[in-house]
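1. this one's sequence-less:
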Ligand SMILES: [Zn+2]
C-alpha cells in the first residue's frame, strides 16, 4: 500500500482505496483497464473523482445477522466529496460529506 495524496492509497492489483466515514472502512476500487472494466479516476489526488458510482454490500457487524439483509453503501465520489445515495443503509444515506484524509495520515 502506498500513499496517493492525503486521501487515497494505491493497493496491489491496480486498485485505489479511499476511506468511507459511513462504513468506517476502506473501499477499494479496481482502476479501469484497457478493456474498459473498473472505475475511472481523474488522477486528482487531492479532490478525487471516480466514475461510475460505488455500490458495496457487506455483512458487517450491524447487518446481515440473524437473517437481516446485508448493509449497503452506495455513493458517488465526486471532486473530493462523497455523495451517499438514499439506498445506503448507514447513517449517512442521503448526505454529502468531504472525503476524509486517510486515517493516521500526517
Ligand atoms: Zn461505505
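-> Happy to help now that I have it. Quick caveat: nothing in here was measured; it's all calculated off a predicted structure.
2. In contact with the nearest residue to residue 51 once chain neighbours are set aside, which residues?
-> Excluding the flanking residues, the one nearest residue 51 by Cβ to Cβ, 6 or more residues apart in numbering is residue 40, at 4.5 Å. (C-beta placed from N, C-alpha, C; glycine too.) Counting by Cβ atoms under 8 Å, 6 or more residues apart in numbering, residue 40 makes contact with 32, 50, 51, 52.
3. Please, where are all the helices along this structure?
-> Here the chain has no helices by DSSP state H.
4. pLDDT below threshold where in it?
-> Scanning the chain with the threshold set as pLDDT under 70 gives 60-66, 68, 105-106.
5. Run through the residues of it sitting next to the ion.
-> 20, 22, 23, 73 (Cβ under 5 Å from the ion).
6. Who wins on neighbours among those?
-> The most crowded member of the residues of the chain next to the ion, judged by other Cβ atoms under 10 Å, is residue 73 (24 neighbours).
7. burial count for the closest residue to that one other than its chain neighbours?
-> Once flanking residues are discounted, residue 73 sits nearest to residue 56: 4.5 Å by Cβ to Cβ, 6+ apart. Residues lying near residue 56 (other Cβ under 10 Å) number 17.
8. Please give me every residue in contact with residue 56.
-> Here residue 56 is in contact with 23, 27, 72, 73, 74 (Cβ under 8 Å, 6+ apart).
9. neighbours of residue 44, just the number please.
-> The tally of other residues near residue 44 (other Cβ under 10 Å) stands at 12.
10. how much space between it and residue 56?
-> Counting by Cβ to Cβ, to the nearest Å, the separation of residue 44 from residue 56 is 22 Å.
11. got it, and residue 38?
-> In this view, residue 38 and residue 56 are 15 Å apart by Cβ to Cβ.
12. again with residue 10
-> 19 Å.
13. Could you do residue 31 as well?
-> To residue 56, residue 31 is 17 Å away according to Cβ to Cβ.
14. Setting aside sequence neighbours, what's the nearest residue to the most centrally placed residue in the chain?
-> Taking Cα atoms, centre = their mean, the centroid of the chain lies closest to residue 27, which sits 4.0 Å from it. In this structure, residue 27 finds its nearest non-sequential neighbour in residue 20, 5.2 Å apart by Cβ to Cβ, 6+ apart.
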